[in-house]
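# Provided below for reference: sequence and predicted model.
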Amino acid sequence: MAQITPLRCPSCGAPISTQSTRCVYCGIELQFGLRTQENPTIACSKCGKRLGEGTWLCPKCGTPVPGNEERLKELHAKEQYLQNDIRMKRQALSSLLEPSEYVEFCFWLGSRSYYAVTEKRLLICSESGLFPGEMTVKRSRLGIYKPEFANSSGEIQSKYDWKEVVAVGSAEYRNNYASPRFQVEVQTLRGSFFLNFNDSDTLGASRIQQEILAALNRHASGQRDIRALIWSLKFD
């Protein structure tokens, strides 16, 4: 299956559209072909990273560029709203989140079943007895593992910190006749398992694979999602 790769800002890695002339998160101006307009005279006052033309926030350390407070307050308010909305409306997810944990992406398979990519880890929840209940079955040389834990509602939940996730495979179509579906394999230090999607969820399978890969790359480089940096800003 052809992979669908979302466009990302070449400076901060945030999602952007093909019509973008400026990243709505870090503020950098974009030229045709999504190249950045670099200005060697602009550097972050805290970490020294060279910033592109028009940048209002350092994508490396999160330090605001002077003169952009109002724009950053607006972005901060929007991120606060989105994160609070997730926590208020999605109890199946919010019950697992730490107060300072930013949700980067979440794919809902049902009212209480989901795959969530956060700044710290991959979270999985499956309603007992409902597709895709087998998504948390892990395999290794030692055999089959049981899911990490089940809550009081009988939902199967698993958590994987990024430090224990080794790799993520491409979204692949599996036709076993009885239940054709797309699958994304995730390899961890505890074994490997598949994230399952209905055969019509092509975009969902590709998107979760790309989001996990981006999170792994940020973890390896010690960087944070630019949206998480904006969300954690403090204003007087």
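Alright, I've got the coordinates. Numbering: from 1, shown residues only.
# Roughly how far does the residue nearest to residue 27 when sequence neighbours are not counted sit from residue 23?
Computed as CB to CB, 6 or more residues apart in numbering, the closest residue to residue 27 that is not its neighbour in sequence is residue 56, at 3.7 Å. Every residue, glycine included, has its C-beta placed from N, CA and C. For residue 56, the distance to residue 23 equals 10 Å [CB to CB, to the nearest Å].
# Have a look at these two and say which one is more surrounded.
residue 23 (28 against 22; other CB atoms under 10 Å).
# and the spatially closest residue to that one that is not a sequence neighbour, what does it touch?
Spatial nearest neighbour of residue 23, chain neighbours left out: residue 9 (4.1 Å); criterion: CB to CB, 6+ apart. By CB atoms under 8 Å, 6 or more residues apart in numbering, residue 9 lies in contact with 15, 16, 23, 25, 26, 28, 30, 34, 226.
# cool, and residue 57?
Counting by CB under 8 Å, 6+ apart, residue 57 touches 25, 26, 27, 63, 64, 65, 68, 72, 226, 229, 230.
# And the residues you listed, which of them are buried?
Buried members of the contacts of residue 57, scored by 16 or more other CB atoms under 10 Å, are 25, 26, 27, 63, 64, 65, 72, 226, 229, 230.
# Report the spatially nearest residue to the fourth one, omitting neighbours in sequence.
Take residue 63 and drop its neighbours on the chain: the residue closest to it by CB to CB, 6+ apart is residue 46, 4.2 Å away.
# check which helix or strand covers that neighbour.
Under DSSP states H and E, no helix or strand contains residue 46.
# Just the endpoints, please. Distance across stretch 51-59?
9 Å (CA to CA, to the nearest Å).
# Quick check: the residue nearest to the spatial centre of the chain vs residue 14, distance?
By CA atoms, centre = their mean, the chain has its centre lying nearest to residue 104, at 3.7 Å. Using CB to CB, one obtains 10 Å as the distance from residue 104 to residue 14.
# Now do the shared contacts for the two.
225, 227.
# For the protein, which strand extends over the most residues?
Among the segments of the chain that qualify as a strand by DSSP state E, the longest is strand 165-174.
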